[in-house]
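K.L.:
Return a 3D structure for these sequence lines:
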Amino acid sequence: MKRSTLVIVAAALLISASMGTRQTFGLFIDPFASDRGIPVTAIAFAMALHNLVWGFAQPFAGAAADRYGAMPVVVAGSLAFAAGLALAAVAPSGVLLVIGFGLLVGIGISCTTFGVVLTAVGRAAAAEKRSMAMGLASAGGSLGQVVLVPLAQAITEASGLSTSLVALALVIVAVAPLGFFLDRYDADAAPVVELRAPPLSEMLALAIHHPGYRLLTVGFFTCGFQLAFIATYLPGYLLLCQMPAGLGATALALIGLFNMAGTWACGWLGGRFRQQYVLAWLYLVRAVTIGAFVALPKSGALVLGFAAIMGLTWLGTVPLTSGWIAKVFGTRHLGTLFGICFFSHQVGSFLGAWSGGVAFDLTGSYSLVWGLTAVAGLFAAAVNLPIKDAPASNPVPDPASASS
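P.N.:
Predicted coordinates:
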C-alpha cells in the first residue's frame with residue numbers, strides 16, 4: 001500500500017472515532033438533565049466550552065505536530081479525550097461535567113482531528129491531489145457519525161448514560177495507535193523541507209496581514225456556529241416539534257452518511273475550482289436549507305431531507321479551507337496556520353452550542369438561534385467571494401514536491 005494511501009486510511013479512522021464521538025453529545029442533554037438534575041444551561045456551557053478549548057488548543061496541537069510529528073500528539077489527545085468522557089460518565093454536578101466535557105474533551109479533540117490529522121494528509125499528498133486527499137480522509141471520517149450516533153443511542157437506552165460514555169471512551173483509546181501511520185511520510189520529507197522553509201514567525205506575520213486569510217477565518221466562524229448548534233440541539237428541537245424520540249439520532253446519523261459523499265465532493269470540487277468560490281456556494285446552500293427547514297411544517301420527510309442536504313455541506317468546509325491555506329502558504333506550517341483559522345471556527349462553535357441553551361432557558365424555544373444560523377450562512381457566503389488565492393510571497397515549499 002502506498003504511504004499516502006496509508007496516511008489517508010489512518011486519518012479517516014481517527015477522525016471517524018473522534019468526530020463520531022463528538023456528534024453523539026446532543027443525545028446526552030436530556031439524560032443529564034432528567035437523570036442527574038443538571039440544568040440545561042450548565043450542560044450547554046460544558047458542551048460549548050469544549051468547542052472553545054478545542055479552538056484555543058488547536059494552534060498549539062498543530063504546532064506540536066509540525067515540530068514533533070503526529071504520533072505523540074494523537075496519543076496524548078486520545079488519553080485526554082477518553083479521560084474527559086469517563087469523568088462525564090460519573091459527574092454528579094455541572095462542575096465536573098464542565099471539566100470532563102469542556103476542558104479534557106476539548107484538548108483531546110484538538111489533538112485527534114483536523115489540525116493534526118488532516119495536516120499529515122496534506123503533506124503526504126502531491127499538491128495537485130491534496131484537496132481530493134483531504135476530502136477523502138474527511139469523508140471516511142464521517143463513518144464514525146453514521147455508526148457511533150445510533151450505537152450511543154442504543155447503549156444509552158439499554159444500559160444508561162454512564163455505560164454509553166465509557167464505551168465511547170474505549171473507542172477513542174482503541175484508535176490512538178493509528179497516529180503512528182500519520183508520520184510515515186513526514187519522516188522522509190521533513191529533513192529536506194526544514195532547510196528551505198521560512199521560520200514560523202515569518203509565516204504567521206505573512207498570514208495575519210493577508211486579506212484572504214482574514215476573510216477565510218471570519219467565514220469559518222459561521223461554520224462552527226451552525227454545526228455546533230445543529231448537532232447539539234436538533235434532537236431536542238425535534239422533540240419540541242412533537243416528532244418521534246428516535247428521529248433526532250436518525251437525523252444525525254443521516255447527516256454523517258451524506259457527509260461522506262459531500263466532503264468527498266467538496267474535496268473534488270476544490271481541486272478543480274477555486275476553493276473560496278466553492279465555500280461561498282456551500283454556505284449559501286446551508287443558509288437556504290436552514291431557512292426552509294425552520295419555516296416549513298415539520299414532518300419526517302422534511303427532517304430527513306434537511307439532514308441529507310446539511311450532510312452534503314457538513315464538513316466540506318474543512319478540506320476547502322485547509323486546501324486554500326496550503327495553496328497560498330504551503331504545507332510546512334499548515335498545522336499552525338490552519339489551527340489559528342480553526343480557532344475562529346471554534347469560537348463560533350462555542351457560541352452556537354451555548355446560545356442554544358441560553359435561548360431555550362429564557363424563551364422555551366430555539367427559534368431565535370435557528371434564524372441566526374441562516375443569516376450567518378448568507379454572511380459567510382458573501383465574505384468568501386472576494387478572497388484571492390495567489391500564492392503569498394515567500395511561499396513554503398511542498399514536502400511532496402521537495403522530496404521528488
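K.L.:
Every contact and neighbour count from this point should use C-alpha atoms.
P.N.:
Noted.
K.L.:
Surely residue 238 touches residue 249?
P.N.:
No - Residue 238 is beyond contact range of residue 249, at 10.3 Å (criterion: CA atoms under 8 Å).
K.L.:
Those two: which is more packed in?
P.N.:
Under the neighbour definition other CA atoms under 10 Å, residue 238 and residue 249 were set side by side, and residue 249 has more, 24 against 20.
K.L.:
show me what contacts the more buried one?
P.N.:
Contacts of residue 249 were listed using CA atoms under 8 Å, 6 or more residues apart in numbering, and they are 27, 149-150, 153, 235.
K.L.:
and if you look at residue 6?
P.N.:
Contact partners of residue 6, counting by CA under 8 Å, 6+ apart, are residue 181.
K.L.:
Residue 219 now?
P.N.:
For residue 219, the contact set (CA under 8 Å, 6+ apart) comprises 379-381, 383-384.
K.L.:
now residue 139
P.N.:
Contact partners of residue 139, counting by CA under 8 Å, 6+ apart, are 12, 259-264.
K.L.:
With secondary structure, distance to residue 310 and neighbour count as added columns, please give the residues you listed in JSON lines.
P.N.:
Supplementary listing: the contacts of residue 139 in JSON lines, determined by DSSP: H, G, I helix; E, B strand; the rest coil; distance: CA to CA, whole Å; neighbours: other CA atoms under 10 Å:
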{"residue": "12", "secondary structure": "helix", "distance to residue 310": "20", "neighbour count": "28"}
{"residue": "259", "secondary structure": "helix", "distance to residue 310": "8", "neighbour count": "31"}
{"residue": "260", "secondary structure": "helix", "distance to residue 310": "12", "neighbour count": "27"}
{"residue": "261", "secondary structure": "helix", "distance to residue 310": "12", "neighbour count": "20"}
{"residue": "262", "secondary structure": "helix", "distance to residue 310": "9", "neighbour count": "25"}
{"residue": "263", "secondary structure": "helix", "distance to residue 310": "11", "neighbour count": "31"}
{"residue": "264", "secondary structure": "helix", "distance to residue 310": "14", "neighbour count": "25"}
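K.L.:
Based on its surroundings, how many neighbours for residue 242?
P.N.:
A total of 11 residues lie near residue 242 under the criterion other CA under 10 Å.
K.L.:
again, but for the one 3 residues further on
P.N.:
Taking other CA under 10 Å as the criterion, the count of residues near residue 245 is 12.
K.L.:
Which helix or strand contains the residue nearest to residue 150 when sequence neighbours are not counted?
P.N.:
What sits nearest to residue 150 in space, not counting adjacent residues and going by CA to CA, 6 or more residues apart in numbering, is residue 249, at 6.1 Å. When secondary structure is defined by DSSP states H and E, residue 249 falls within helix 247-270.
K.L.:
what about that helix, average pLDDT?
P.N.:
Model confidence over helix 247-270 averages 84 on the pLDDT scale.
K.L.:
Could you do stretch 10-25 as well?
P.N.:
Stretch 10-25 comes out at a mean pLDDT of 86.
K.L.:
what's in contact with that stretch?
P.N.:
47, 109, 112-114, 117-118, 121, 136-149, 152, 168, 171-172, 175-176, 178-179, 181-182, 231-232, 252.
K.L.:
Just the residues you listed: which are in helices?
P.N.:
Using DSSP state H, the members of the contacts of stretch 10-25 that fall in helices are 47, 109, 112, 114, 117-118, 121, 136-141, 143-149, 152, 168, 171-172, 175, 179, 181-182, 231-232, 252.
K.L.:
for the host helix or strand of residue 324, packing partners?
P.N.:
Secondary structure from DSSP H and E places residue 324 in helix 317-329. Under the contact criterion of 3 or more CA pairs under 8 Å, 6 or more residues apart in numbering; DSSP states H and E, the helices and strands touching helix 317-329 comprise helix 114-124, helix 130-141, helix 211-240, helix 247-270, helix 275-295, helix 334-363.
K.L.:
Quick one: these as JSON lines, columns for distance to residue 327 too.
P.N.:
Written out in JSON lines, the entries for the helices and strands packed on helix 317-329 read as follows (distance: least, CA to CA, whole Å):
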{"stretch": "helix 114-124", "distance to residue 327": "10"}
{"stretch": "helix 130-141", "distance to residue 327": "9"}
{"stretch": "helix 211-240", "distance to residue 327": "12"}
{"stretch": "helix 247-270", "distance to residue 327": "11"}
{"stretch": "helix 275-295", "distance to residue 327": "10"}
{"stretch": "helix 334-363", "distance to residue 327": "10"}
